[in-house]
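Enquirer: Provide a 3D model corresponding to the input given below.
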Amino acid sequence: MIPWFYDFSKLCVVTMARVLWRAAATGTENVPGTGPLIVACNHVSYLDPPVMGCLCPRRISYMAKKELFAIPVLGSTIKALGAYAVDRHGSATAAIRRSLNVLQAGGAVGIFPEGTRNRTGTVVPQIGVALLASLAQAPVVPVAIRGTDRALRLGKITVAFGRPVAPSAGRKATRDDLAKFTAEIMNAISALARGTGGDT
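Expert: Residues are numbered from 1 along each chain as shown. As a prediction, this is how the structure comes out:
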């Protein structure tokens, strides 16, 4: 990540988002200012990463499918913004290791637990976010973004940041533990999306 480039890009994106879509965030006080952090968000549009990222008070590093890094200009741009590659059809070991490096350095990682855009609500969330939180002992801030799927109609976009949830400490998490923690995160995101979550 190149900090000055990230901050400049964030200013540009947030200005555009507020002008075009009246973008606004709630619950930003729930985002810890320092320390390792995972930001877990629902995913309905390609706009979700830049919009959520520009409204989050922390710099966020995202996993991105490796094919994006082969695209001229885009690849070098997202790399400068802190993105790193994940092979969705291969082993996730390298992406997990890179995520752990970011977290162990006190950074924030943005993850979409469903792994892909989920406009219908039928995509089953993966346990990767719970596994990463458990390995790094990092809190997870649930986030719900609304309106990006209607961006072409210039509707309002809102991003709600919920209270952090923490993985179990003191023992190695079982697969059942990871499944339960994933469900807890997704339930928190759903509550925020309905406007019933604790985002203040």
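
Enquirer: switch to C-alpha atoms for all contacts and neighbour counts from now on
Expert: Will do.

Enquirer: how about the helices in this protein?
Expert: Along the chain, counting by DSSP state H, helices occupy 3-21, 48-55, 74-80, 93-104, 128-136, 175-194.

Enquirer: CA-only coordinates of the first one in CSV, if you can.
Expert: Pointing back at helix 3-21 there. The C-alpha trace of helix 3-21 is given here as CSV (Å, rounded to 0.1, in the frame of the first residue of the first chain):
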residue,chain,number,x,y,z
PRO,A,3,-0.4,5.6,2.0
TRP,A,4,-0.4,9.0,0.2
PHE,A,5,-2.0,7.4,-2.9
TYR,A,6,-4.6,5.6,-0.8
ASP,A,7,-5.5,8.8,1.0
PHE,A,8,-5.7,10.8,-2.3
SER,A,9,-7.8,8.1,-3.9
LYS,A,10,-10.1,7.9,-0.9
LEU,A,11,-10.7,11.7,-1.0
CYS,A,12,-11.6,11.5,-4.7
VAL,A,13,-13.9,8.5,-4.3
VAL,A,14,-15.7,9.8,-1.2
THR,A,15,-16.3,13.2,-2.9
MET,A,16,-17.8,11.5,-6.0
ALA,A,17,-19.9,9.1,-3.8
ARG,A,18,-21.3,12.0,-1.8
VAL,A,19,-22.1,14.0,-4.9
LEU,A,20,-23.6,11.3,-7.1
TRP,A,21,-25.2,9.0,-4.4
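
Enquirer: where does this protein have its least confident helix or strand?
Expert: Here the helix or strand of the chain ranked lowest by mean pLDDT, DSSP states H and E is strand 84-86, holding a mean of 81.

Enquirer: can you list the residues that contact that strand?
Expert: The set of residues external to strand 84-86 that reach it, using C-alpha atoms under 8 Å, 6 or more residues apart in numbering, is 61-66, 69, 92, 94-95, 98.

Enquirer: below-threshold pLDDT in this protein: ranges please.
Expert: 88-92, 115-125, 170-171, 196-200 (pLDDT under 70).

Enquirer: bridged to the residue lying closest to L192 once chain neighbours are set aside, which residues?
Expert: Excluding the flanking residues, the one nearest L192 by C-alpha to C-alpha, 6 or more residues apart in numbering is A144, at 5.6 Å. Under the criterion DSSP bridges, A144 forms beta bridges with A160.

Enquirer: ok, A144 to V51 distance?
Expert: As for A144, its distance to V51 is 12 Å (criterion: C-alpha to C-alpha, to the nearest Å).

Enquirer: okay, the two: which has more neighbours?
Expert: When neighbours are counted by other C-alpha atoms under 10 Å, A144 comes out ahead of the other of A144 and V51, with 27 against 23.

Enquirer: list the contacts for the residue nearest to K156 when sequence neighbours are not counted?
Expert: In space, K156 comes closest to W21 once its chain neighbours are excluded; the distance is 4.7 Å by C-alpha to C-alpha, 6+ apart. Residues in contact with W21, defined by C-alpha under 8 Å, 6+ apart, are 151, 154-157.
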